[in-house]
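*Asks:* Okay, sequence plus prediction incoming.
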Amino acid sequence: MLIYDLDLDQLTNLLTEWNEPAYRAKQIWQGLYQHLYNSPEQFTNLPKFLRDKLAQEFTFSAFTVKTYLDSSDGFTRKTLFELPDKNLIEAVLMRYGDPADNPQIVSSPTGRGAKNRRTLCISTQAGCAMGCVFCATGQMGFKRHLTSGEIVAQVMYYARMLKDVNESVTNIVLMGMGEPFHNYDNTMAAIDRLNNPDGFNFGARRFTISTVGLVPAIRRFADEKRQVNLAISLHAADDEERLAIMPVNKRYKIDDVIEACRYYVAQTGRRVTFEWALINGVNDTPEVARKLAARLKGLLCHVNAIPLNPTAGYEGRATDRQRAIIFKETLEQAGIPCTIRMRRGIDIQAGCGQLAGGLVS
Ligand code: SAH
Ligand code: SF4
């Protein structure tokens, strides 16, 4: 069993079954999530027989590193992991706040300053069942859900790498492969594990979950009143247009999604982000912007517009900068705040929607 699949209570129960005192569980937990140990020998504060038992009962590695790629600007790293069943997943580290960075990102999507951010984009599934036509992950289809430990392990991998250079993860976005709300329980368990104050202690507000808009899950998430940021991938302001690029719209219409978002804001008082991949001539006209603004009227929200990243299976092209600015200004004139997000990691296929478990040559 993968050790990252256990929460602290489960670990404590297990140690009790082994007739070990409860404080041993805390020591192991702290070793894993504060010292970032990834092999039993490193737990030198445990007696040898217990280290041996850990080695017998658990695996400490969720995957092997198949390869990694750094973007040409050096700010983005994509790592391709191979799971024991040979499925491939990817996770991306984005460094912001370095001197050569584009000042545009200083007004960050979450409204905070962007100095020295170390943002991880992690996967929740191998592949994805939602089939959005513009998304490389959607194009590859669904392989399987990740366990909570496999989600956590992606974070620990990069946390160790950053620790070696005296840095740490500052933000985690669940925007890699997969639909987090399709794997709800494991995703939330992973967040809770990383959030645990006795362990990794990663603040809830520094997570962002992005969803294709699974309405019952949005409502459940709202009821749980989590402090985690919520982003909704909308991409169209009209049901027919959305259905043409996002099959999920057959099940959940735009009105239902926006209603669920209003419920979320009412329950949590937190702002919702809408993600908008700007596709030339498809969803980037001033008319579309006005239609979108009308739908979002009165909702505490923000639109994150990002020019489409190219993928092999979709012919749409990115909106150019000038059209993107007009789109943003049209929204803002109608009272909806909008940020145009920088494209990052395009040259290594690590931008949004480009994580297909393959490698570029
Ligand atoms: N399944 C979730 C999270 C993963 S996708 C979701 O869909 O929200 C992360 C973000 O990338 C989503 O907003 C998604 O719509 C967007 N995206 C997918 N393909 C893209 C592409 N080719 N260009 C730009 N954004 C894309
Ligand atoms: Fe899945 Fe999100 Fe890609 Fe749609 S955009 S196919 S929901 S990963």
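*Replies:* Here it is on my side, so go on. Numbering: from 1, shown residues only. Ligands and ions are numbered 1, 2, ... in the order given.
*Asks:* Number of residues surrounding residue 57?
*Replies:* When neighbours are defined as other CB atoms under 10 Å, residue 57 has 12 of them. From N, CA and C alone the C-beta is placed, and that goes for glycine too.
*Asks:* Read off the pLDDT value for it.
*Replies:* pLDDT for residue 57: 97.
*Asks:* For it, which non-adjacent residue is spatially closest?
*Replies:* Setting aside the residues directly before and after it, residue 57 is nearest to residue 1 in space (CB to CB, 6 or more residues apart in numbering), at 6.9 Å.
*Asks:* show me what contacts the one you found?
*Replies:* The contact partners of residue 1, by CB atoms under 8 Å, 6 or more residues apart in numbering, come to 57-59.
*Asks:* Show me the residues you listed that map onto helices.
*Replies:* residue 57 (DSSP state H).
*Asks:* Quick check: pLDDT value at the residue nearest to residue 57.
*Replies:* With respect to pLDDT, residue 1 scores 95.
*Asks:* distance of it from residue 31?
*Replies:* According to CB to CB, to the nearest Å, residue 1 stands 17 Å off from residue 31.
*Asks:* go on, residue 273?
*Replies:* 36 Å.
*Asks:* before we move on, what about residue 286?
*Replies:* Going from residue 286 to residue 31 by CB to CB gives 56 Å.
*Asks:* neighbour count winner among these two?
*Replies:* Counted by other CB under 10 Å, residue 286 and residue 31 do not tie: residue 31 has more neighbours, with 20 against 14.
*Asks:* Looks like the more buried one contacts residue 43 (just checking).
*Replies:* Yes - taking contacts as CB atoms under 8 Å, residue 31 lies within contact range of residue 43: 4.9 Å.
*Asks:* For ligand 2, give me its nearest residue in the stretch 1-150 of the chain.
*Replies:* residue 138 (2.6 Å; CB to the nearest ligand atom).
*Asks:* and that residue, that's in a strand?
*Replies:* No - read with DSSP: H, G, I helix; E, B strand; the rest coil, residue 138 is helix and lies in no strand.
*Asks:* residues in contact with it?
*Replies:* 128, 130-132, 353.
*Asks:* Next, show the common contact partners of residue 31 and residue 43.
*Replies:* Residues touching both residue 31 and residue 43 (CB under 8 Å, 6+ apart): residue 37.
*Asks:* can you pull up the bridge partners for the residue nearest the centre of the chain?
*Replies:* Centroid check for the chain by CA atoms, centre = their mean gives residue 174 as the closest residue, at 1.2 Å. For residue 174, the beta-bridge partners under DSSP bridges are residue 209.
*Asks:* wait, it sits on residue 184?
*Replies:* No - assessed by CB under 8 Å, residue 174 is found out of contact with residue 184, at 11.3 Å.
*Asks:* picking up where we left off before, kindly reformat the contacts of residue 138 as JSON lines containing pLDDT, distance to residue 245 and secondary structure.
*Replies:* Listed next are these as JSON lines, based on pLDDT from 0 to 100; distance: CB to CB, whole Å; DSSP: H, G, I helix; E, B strand; the rest coil:
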{"residue": "128", "pLDDT": "97", "distance to residue 245": "14", "secondary structure": "coil"}
{"residue": "130", "pLDDT": "98", "distance to residue 245": "11", "secondary structure": "coil"}
{"residue": "131", "pLDDT": "97", "distance to residue 245": "10", "secondary structure": "coil"}
{"residue": "132", "pLDDT": "97", "distance to residue 245": "6", "secondary structure": "coil"}
{"residue": "353", "pLDDT": "58", "distance to residue 245": "11", "secondary structure": "coil"}
